[in-house]
Structures are given as C-alpha cells and as structure tokens.
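Undergrad: sequence-free structure coming up:
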C-alpha cells in the first residue's frame, strides 16, 4: 500500500550501507531492512541535534561542531543520498528540498551558535520520523481478513 509513496530507493541500500556506517548511526545497520535504515537515520539526526543543543548550553564548542557536522552528514550522505529522484516523484523532490534546507539551517546554526535554528531543524524532522515509524507499524500489521459473501 505504501510502496508507491516510498521516495527512497527500493534497492537493498547495499550501496548506501557504507555511508550509514561512516556517519556512525549504529552497528545495527547490518541486520536492518531499508525501512529501518531510514528510521535509524532520522533517530541519529534528532540525537545529533539534541547533542548539539546541549553542547551549546554547556559552552562546549568542539562537541557542538562535531554534533552539527554529524547531523549534516546524516542529512546529506544518508537521507538525501537515499532519495530516489527518478521514480520518487513529487514526494522525493519535496523531501530533497526539505533536506537541503535543513542542511543549510544546521550549518548556519553552527556558525551563529543559534539554538533556535537547531530546534527548527528538529521540529521539521520529528514529524517525518514519526510518520515513517507509523508506516512501518502499519506495513508490519497483518492485513484484515476479508469476508466473502457468497
């Protein structure tokens, strides 16, 4: 049911798995299906943004920069790179634009030390993560039994 709306490559993400490992999302990449990989990227992105915000509060510039850099890499090398622009249609195009915006805002937030920009990025990504998780739950649920009247 959701396959047509999937803006991500349907391949096994084998070409992407090195990017996932390199950006340090988690070692669970090896056993994860493509849907779970995207969910892990969203989780890693939100975690990196939260870590950057905490580092900002603590005045830890090095950690803030590392966390924002990781967040940008997750967006660009994970989420954006995984989009299937050829067959993902308008959804993939719109996600591509959103990911580009988030990447720019993260970079600007790092430069300006602006926590509000970091929060804006988290606020944009959280609904995507939540929707992606709901799709997984719906796809895993057994199909309702059809009653045939005859």
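TA: Received it, and whenever you're ready, just let me know what you need. Predicted model only: the values in this text are computed from it and were never measured. Numbers count the residues shown, from 1 in each chain.

Undergrad: point out where the protein drops to low pLDDT.
TA: Along the chain, the model assigns pLDDT under 70 to residues 1-32, 139-150.

Undergrad: ok, and the closest non-adjacent residue to the most centrally placed residue in it?
TA: Central residue of the chain (Cα atoms, centre = their mean): residue 42, 3.1 Å from the mean position. Nearest residue to residue 42, sequence neighbours excluded (Cβ to Cβ, 6 or more residues apart in numbering): residue 129, at 3.7 Å. All C-beta spots, glycine's among them, are computed from the backbone N, C-alpha and C.

Undergrad: so which strand or helix has that neighbour?
TA: Using DSSP states H and E, residue 129 sits in helix 115-140.

Undergrad: show me what that helix is packed up against.
TA: Contact here means 3 or more Cβ pairs under 8 Å, 6 or more residues apart in numbering; DSSP states H and E; on that basis helix 115-140 packs against helix 34-58, helix 89-112.

Undergrad: pull the residues that contact the shortest one.
TA: So the one you mean is helix 89-112. Here helix 89-112 makes contact (Cβ atoms under 8 Å, 6 or more residues apart in numbering) with 5, 7-8, 49, 52, 64-65, 68-69, 71-72, 75-76, 79-80, 83-85, 88, 114-118, 120-121, 124-125, 128.

Undergrad: may I see the buried residues of stretch 54-73?
TA: 55-56, 64, 67-73 (16 or more other Cβ atoms under 10 Å).

Undergrad: which ones among those lie within helices?
TA: When DSSP state H is applied, the buried residues of stretch 54-73 are split such that 55-56, 64, 67-73 fall in helices.

Undergrad: right, and the pair among those residues with maximum separation?
TA: Greatest spacing in those, by Cβ to Cβ: 56 and 73 (18.8 Å).

Undergrad: that older thread, quick check, the residue nearest to the centre of the chain in contact with residue 124.
TA: No. Judged on Cβ atoms under 8 Å, residue 42 makes no contact with residue 124 at a distance of 11.2 Å.

Undergrad: how close does the closest residue to residue 103 other than its chain neighbours get to residue 46?
TA: Residue nearest to residue 103 in three dimensions, not counting chain neighbours: residue 75, with 4.7 Å by Cβ to Cβ, 6+ apart. Noted for residue 75: a distance of 11 Å to residue 46, by Cβ to Cβ, to the nearest Å.
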